[in-house]
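Novice: 3D model of this:
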Amino acid sequence: MRYRNIATVGILAASVAALAGTDAQAQTYKLMTGPQGGVWVPLGGTMKAMFEKAVPGVTIQTLPGAGIANVKGVEENKTDFGFGNSISTVDAVNGNPPFEKKTTNVCQIANLYPQYFQVVVTGDSKIEKIADLKGKAIAVQTKGNTAEAISADILKAHGMSYSDMSKVNFMASYNDAAALLQDGHAQVFTLGTTIPASSVMDLASSRGVRLIPADDAAVAAMKKINAGYVKGVVPAGTYPKQDKDVPVIAYSAHFIASCKLPEAQVYAITKAMATQMADMAAVNKAMAKVTAKDMAEDIGVPFHPGAAKYYREVGALK
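Specialist: Reported below is the predicted structural model:
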């Protein structure tokens with residue numbers, strides 16, 4: 001009996017030690033998403049569940065964010081993961097404004113889908129082109145949001161700045177910016193997200209909307225400001241009563257992480273994203289055809305070793 005008790009105690013001690021080890025490995029990571037009304041918030045919720053399943057013991061806390069703010073958050077160890085935009089993250093890697101110096105802690109996990117910069121007016125607006133924004137009240141996002149930086153750039157490309165507007169409203173969410181248009185307190189609002197954007201669809205149901213086009217000259221002028229800008233097209237029928245394609249400024253959305261994160265965990269997360277793309281496409285249909293090769297496209301941001309390991313295994317990265 002005495003030996004049996006000793007053995008039992010030994011087994012219990014080993015079990016406690018094992019549980020303690022599990023607790024010691026438990027980790028909460030932060031994931032910065034985007035402003036309310038954009039696709040990054042619901043997409044972040046999907047990825048939270050995906051990551052927690054892929055890496056036992058890890059808990060993901062989602063937080064609001066924005067393209068530029070997320071990059072700064074990762075660099076400054078205020079968040080572990082975040083969504084980013086190719087144009088602003090490349091600026092960060094190279095130390096270009098609005099970043100004060102080159103980033104050293106921002107690593108690429110995956111390219112996700114194209115983003116579209118949309119300049120929105122109500123259906124009955126007399127604004128037809130970017131030049132017509134002069135003297136108007138506009139609603140843009142708060143500083144730290146990539147779409148706000150693009151708003152400033154597109155005005156610059158047309159020889160204007162915020163000082164040429166009658167009023168500039170810096171809004172925390174796309175929904176709030178759309179509400180200003182709805183109430184007549186602004187004549188234009190801008191956003192950068194996938195299409196169709198829920199905030200624009202909501203406005204379309206009550207006031208009707210139009211997108212202001214960016215012609216080839218505007219795209220060329222924007223590329224001189226940042227080579228990451230490209231020409232995109234919002235297809236006819238994307239929004240109610242939109243009867244023709246609208247050329248716009250486009251760029252890529254991608255997913256970044258702290259370079260300090262463990263390789264094994266990032267490998268598991270990258271694999272989960274690549275093999276469960278359908279779950280993310282259910283939130284954002286623009287991701288329906290994204291492959292591991294698309295995810296591994298080199299945009300000038302260094303890959304996290306864990307992500308690179310997975311891509312090499314599946315032949316998506318050399």
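Novice: which stretches of the stretch 51-200 of the chain form helices?
Specialist: 67-75, 86-94, 146-157, 174-183, 198-206 (DSSP state H, counting those that start in this stretch).
Novice: Contacts made by the third one with the rest, please.
Specialist: Identification of contacts with helix 146-157 by C-beta atoms under 8 Å, 6 or more residues apart in numbering yields 66-68, 84-85, 87-88, 98, 117, 119, 130, 133, 138, 140-142, 161-162, 164, 170, 190-193, 214, 218, 221-222, 224-226, 229, 249, 251. For every residue, glycine as well, the C-beta is placed using N, CA and C.
Novice: Show me those residues that map onto strands.
Specialist: 84-85, 117, 119, 138, 140-141, 170, 190-193, 249, 251 (DSSP state E).
Novice: In CSV, list these along with pLDDT.
Specialist: Formatted as CSV, those follow (pLDDT from 0 to 100):
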residue, pLDDT
Gly84, 95
Asn85, 92
Phe117, 96
Val119, 98
Ile138, 98
Val140, 97
Gln141, 93
Phe170, 97
Thr190, 97
Leu191, 95
Gly192, 91
Thr193, 88
Ile249, 95
Tyr251, 90
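Novice: nearest to Lys260, of these?
Specialist: Of all the ones in strands among the contacts of helix 146-157, Lys260 sits closest to Gly84, with 16.9 Å by C-beta to C-beta.
Novice: secondary structure element for Ala257?
Specialist: strand 246-258 (DSSP states H and E).
Novice: can you tell which of the helices of the stretch 51-200 of the chain is closest to Ala110?
Specialist: Among those, helix 86-94 sits nearest to Ala110 (C-beta to C-beta), with 11.9 Å.
Novice: And the closest one, what does it pack against?
Specialist: The contact analysis (3 or more C-beta pairs under 8 Å, 6 or more residues apart in numbering; DSSP states H and E) places helix 86-94 against helix 67-75, strand 106-122, helix 146-157, strand 246-258.
Novice: Low-confidence bits of the chain, can you list those?
Specialist: Counting by pLDDT under 70, the chain has low-confidence residues at 1-25.
Novice: Centroid-nearest residue for it?
Specialist: Central residue of the chain (C-alpha atoms, centre = their mean): Phe83, 3.7 Å from the mean position.
Novice: For that residue, name its beta-bridge partners.
Specialist: Phe83 forms beta bridges with Phe255, as assigned by DSSP bridges.
Novice: That one contacts Val39, doesn't it?
Specialist: No. Applying C-beta atoms under 8 Å, one finds Phe83 not in contact with Val39, separated by 9.1 Å.
Novice: picking up where we left off before, and the ones in strands among the contacts of helix 146-157, which of them are buried?
Specialist: For these, a burial check counting by 16 or more other C-beta atoms under 10 Å picks out 84-85, 117, 119, 138, 140-141, 190-193, 249, 251.
Novice: Distance to Leu155 for these - can I get that in a markdown table?
Specialist: Below are these laid out as a markdown table (distance: C-beta to C-beta, whole Å):
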| residue | distance to Leu155 |
| --- | --- |
| Gly84 | 23 |
| Asn85 | 18 |
| Phe117 | 12 |
| Val119 | 10 |
| Ile138 | 9 |
| Val140 | 10 |
| Gln141 | 14 |
| Thr190 | 10 |
| Leu191 | 15 |
| Gly192 | 15 |
| Thr193 | 19 |
| Ile249 | 12 |
| Tyr251 | 17 |
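Novice: Among those, which pair sits farthest apart?
Specialist: Gly84 and Ile138 (24.4 Å).
Novice: Can you work out which other helices and strands pack against the strand holding Ala257?
Specialist: Partner elements for strand 246-258 (3+ C-beta pairs under 8 Å, 6+ apart): helix 67-75, strand 81-85, helix 86-94, strand 106-122, helix 146-157, helix 216-225, strand 230-234.
Novice: Send me the longest one as PDB with only the CA atoms.
Specialist: This points to strand 106-122. Output of strand 106-122 as PDB, limited to C-alpha atoms (Å, rounded to 0.1, in the frame of the first residue of the first chain):
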ATOM      1  CA  VAL A 106       7.700  44.500 -38.900                       C
ATOM      2  CA  CYS A 107       7.600  41.200 -40.800                       C
ATOM      3  CA  GLN A 108       5.300  40.100 -43.600                       C
ATOM      4  CA  ILE A 109       2.900  37.200 -43.000                       C
ATOM      5  CA  ALA A 110       0.700  37.300 -46.100                       C
ATOM      6  CA  ASN A 111      -0.800  39.300 -48.900                       C
ATOM      7  CA  LEU A 112      -4.600  39.200 -48.700                       C
ATOM      8  CA  TYR A 113      -6.500  41.100 -51.300                       C
ATOM      9  CA  PRO A 114      -6.700  44.400 -53.300                       C
ATOM     10  CA  GLN A 115      -7.900  47.500 -51.500                       C
ATOM     11  CA  TYR A 116      -9.800  50.300 -53.300                       C
ATOM     12  CA  PHE A 117      -9.600  54.000 -52.400                       C
ATOM     13  CA  GLN A 118     -13.100  55.300 -52.800                       C
ATOM     14  CA  VAL A 119     -14.100  59.000 -53.100                       C
ATOM     15  CA  VAL A 120     -17.800  58.900 -52.300                       C
ATOM     16  CA  VAL A 121     -20.500  61.600 -53.000                       C
ATOM     17  CA  THR A 122     -24.300  61.400 -52.800                       C
END
